[in-house]
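Sequence and predicted structure below; questions after.
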Amino acid sequence: MPLGLVHDPVFQDHDPGSYHPESPRRLAALDLALATWPGLAQTQRVPLRRATNEELARVHQASHISRIASTEGRAMALDMDTHTSRGSYNAALNAAGSLIDLCDAALDGKVTNGLALLRPPGHHATPVRAMGFCMFNNVAVAAAHLIQARGLKRVLIVDWDVHHGNGTEDAFFLDPQVLYFSTHQSPFYPGTGPVNAVGRSLGEGYTVNVPLGGGYGDAAFIRVYEDLLAPVAMQFEPQFILISAGYDAHRDDPLGGEELSDRGYAALTRIVMDVAQQHCPGRVVGTLEGGYSPEALASSCLATMEALMGDDSANELRRAARDTEQPWPLKEAIGVHDRYWKLHNGEMFELEM
C-alpha cells in the first residue's frame with residue numbers, strides 16, 4: 001500500500017506576511033525536495049476537503065469557529081503572532097478536513113500511514129482561541145473525529161515540535177481516550193507543559209510532558225522516546241497514532257534551541273512505528289506543525305516519510321543511544337509517571353530493531 005500524502009499549493013495561499021517565519025517558503029522548499037525524491041512514486045495524494053463546522057466543533061467552541069470564519073478573504077491579526085491573508089481561512093479549512101480524510105484512508109486500509117504537509121499549523125490553537133501561528137487545531141480535530149465519528153477508544157498523539165502543544169493538551173486534558181505525549185523546549189513559548197501537568201479527573205496520567213532545556217540532540221531525544229514514550233504507549237495500546245510533526249527542534253532551525261538531525265527525526269519515527277506495529281499497523285499519520293528553516297524542514301520531512309515507508313537505517317542511532325546517559329528531564333518525567341505506568345525502573349524499553 002502507498003504512503004498517504006496531503007500536499008497541495010492551496011496551503012501556500014496562507015501568507016501571514018513577508019517577514020513572518022511561518023511562511024509559504026516552507027512548503028515551496030518541500031515542493032523542490034519532493035520533485036526529485038525517488039519515494040514520491042510510492043505515495044498516494046489524498047484530495048483536499050474543507051472541514052465542516054460539525055467536525056471543527058468537536059474541539060472548538062462556536063465563537064472561535066465564527067471568529068476564524070470572519071477572516072475569510074481578509075488580512076487580519078488574530079493576536080500578535082497569528083495573522084491571516086485572503087487565502088488563510090480556505091487553507092485552514094482544507095488543512096483540518098484533509099487531515100481527517102488522510103486518517104480515514106489509513107483507518108480503512110487505503111494507504112499505509114501518511115503525512116499531511118499542510119499550513120497553517122494547529123497545535124497551539126485552543127478550543128477558544130487562535131494563537132502561535134495556529135487557527136484550527138488540526139491534530140486535535142482529527143483525533144476527535146477518530147473517536148467520535150469512527151468509534152475508536154484510544155488515540156495516541158505524539159508531539160515533537162520544539163514548542164509545547166498547549167491547545168492539544170487543553171482539548172484532551174480530561175480525556176482518558178487520548179494519550180498526549182510532548183517533548184518541548186522549556187522555558188520557551190508558550191510557557192506551558194510542565195512535567196507535573198499530567199491530566200485531570202479521568203484524564204489523569206494521560207498527558208505526558210517532557211520539558212527539555214536547550215541543546216539536546218539525537219541521543220537524548222531517542223532516550224526519551226525509548227524509555228518513556230514506548231513503555232507508556234505499549235500499555236495504552238493505541239488504535240491510531242497521530243504525530244504533531246514540528247521540525248523546529250532541528251539543529252538548523254532559527255527559532256528553536258535543540259540539536260536534532262534529519263536522521264534523529266527518522267529514529268523517533270521508527271520508535272513510533274514499533275509501537276504501531278504491535279497495536280495499530282498502518283495507522284500512523286503525521287501532520288506538519290513548526291519548522292522554520294525551509295531546507296531543514298524539507299530534509300526532515302523526507303526522512304520522516306522514508307521511515308514511515310519502512311526505512312530502518314536510523315536504528316543505528318537508536319543502538320548508539322543505548323550507551324548514553326539518560327538526560328535529567330527524562331529521569332524527572334519517569335519519576336512523575338511511574339505512578340501511572342510500569343516504567344521498568346527507568347531502564348530502556350526493549351523493542352525489536
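Cool, got the structure. Residues are numbered from 1 along each chain as shown.

State the distance from the closest residue to residue 121 other than its chain neighbours to residue 316.
When the adjacent residues along the chain are set aside, residue 121 lies closest to residue 289, with 4.4 Å between them (CB to CB, 6 or more residues apart in numbering). C-beta here means a position set from N, CA and C on the backbone, and glycine is covered the same way. Distance, residue 289 to residue 316, using CB to CB, to the nearest Å: 27 Å.

which of those two has more neighbours?
residue 289 (30 against 12; other CB atoms under 10 Å).

Now do the same for the more buried one: its pLDDT.
Note on residue 289: pLDDT of 98.

thought it was touching residue 120?
No - taking CB atoms under 8 Å as the definition, residue 289 is not a contact partner of residue 120, at 9.8 Å.

beta partners for the nearest residue to residue 16 once chain neighbours are set aside?
Excluding the flanking residues, the one nearest residue 16 by CB to CB, 6+ apart is residue 83, at 3.9 Å. Beta-bridge partners for residue 83, by DSSP bridges, are residue 77.

isn't residue 83 right up against residue 77?
Yes - with contact defined as CB under 8 Å, residue 83 and residue 77 form a contacting pair (5.2 Å).

Show me which of these two is the more surrounded one.
Neighbours of residue 83 and residue 77, each counted by other CB under 10 Å, are more numerous for residue 83; the result is 21 against 12.

check contacts around that one.
Under the criterion of CB atoms under 8 Å, 6 or more residues apart in numbering, the contact list for residue 83 reads 16, 17, 20, 75, 76, 77.

do you know how far the fourth one is from residue 130?
If I follow you right, that is residue 75. Going from residue 75 to residue 130 by CB to CB gives 14 Å.

Looking only at neighbour counts, state which of the two leads.
Taking residue 75 and residue 130 together and counting by other CB under 10 Å, residue 130 has the greater number of neighbours (27 against 13).

How far away from the center of its chain is stretch 188-195?
What separates the centre of stretch 188-195 from the centre of its chain is 16 Å, taken as CA atoms, centre = their mean, to the nearest Å.

what's next to that stretch, contact-wise?
When contacts are defined by CB under 8 Å, 6+ apart, stretch 188-195 is touched by residues 124, 131-132, 162-166, 169, 182, 184, 186, 209-211, 257, 329, 332-333, 336.

run the last query once more with 10 Å
Residues from elsewhere that reach stretch 188-195, judged by CB atoms under 10 Å, 6 or more residues apart in numbering: 81, 124, 126, 131-132, 159, 162-167, 169-170, 180, 182-186, 207-214, 255-258, 329-330, 332-337.

I'd like to know which of the residues you listed are buried.
In terms of neighbour count (16 or more other CB atoms under 10 Å), the buried residues within the contacts of stretch 188-195 are 81, 124, 126, 131-132, 159, 162-167, 169-170, 180, 182-186, 207-212, 255-258, 329-330, 333-334, 336-337.

Can you flag which of those belong to helices?
The helices, defined by DSSP state H, take in 166, 167, 169, 170, 329, 330, 333, 334, 336, 337 from these.

Grab the two from those residues that are most spread out in space.
Taking CB to CB, the two most distant members of these are 167 and 334; they sit 26.0 Å apart.

avg pLDDT for stretch 106-114?
For stretch 106-114, mean pLDDT rounds to 98.

Equivalent analysis for stretch 184-192, please.
Stretch 184-192 shows a mean pLDDT of 98.

And for stretch 120-135?
98.

okay, how far is it across stretch 55-64, tip to tip?
End-to-end distance for stretch 55-64: 13 Å, by CA to CA, to the nearest Å.

How about stretch 239-249?
Counting by CA to CA, you get 27 Å between the two ends of stretch 239-249.

How many residues are close by residue 9?
Around residue 9 there are 11 residues (other CB under 10 Å).

Touching, it and residue 27? I think so.
Yes - between residue 9 and residue 27 there is a contact at 8.2 Å, judged by CB atoms under 10 Å.

For stretch 265-282, buried residues please.
By neighbour count on 16+ other CB under 10 Å, the buried set for stretch 265-282 is 265-276, 279-280, 282.

CA atoms only for that stretch - export them in PDB, please.
Written as PDB, here are the backbone C-alpha positions of stretch 265-282 (Å, rounded to 0.1, in the frame of the first residue of the first chain):
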ATOM      1  CA  TYR A 265      13.600  12.500  13.300                       C
ATOM      2  CA  ALA A 266      13.700   9.300  11.400                       C
ATOM      3  CA  ALA A 267      14.700   7.400  14.600                       C
ATOM      4  CA  LEU A 268      11.800   9.000  16.500                       C
ATOM      5  CA  THR A 269       9.500   7.900  13.700                       C
ATOM      6  CA  ARG A 270      10.800   4.400  13.900                       C
ATOM      7  CA  ILE A 271      10.200   4.200  17.600                       C
ATOM      8  CA  VAL A 272       6.600   5.300  17.000                       C
ATOM      9  CA  MET A 273       6.300   2.700  14.200                       C
ATOM     10  CA  ASP A 274       7.500   0.000  16.500                       C
ATOM     11  CA  VAL A 275       4.600   0.800  18.900                       C
ATOM     12  CA  ALA A 276       2.200   0.900  15.900                       C
ATOM     13  CA  GLN A 277       3.400  -2.500  14.700                       C
ATOM     14  CA  GLN A 278       2.300  -4.000  17.900                       C
ATOM     15  CA  HIS A 279      -1.100  -2.300  18.200                       C
ATOM     16  CA  CYS A 280      -2.200  -0.400  15.000                       C
ATOM     17  CA  PRO A 281      -0.100  -1.200  12.000                       C
ATOM     18  CA  GLY A 282      -0.700   1.100   9.100                       C
END
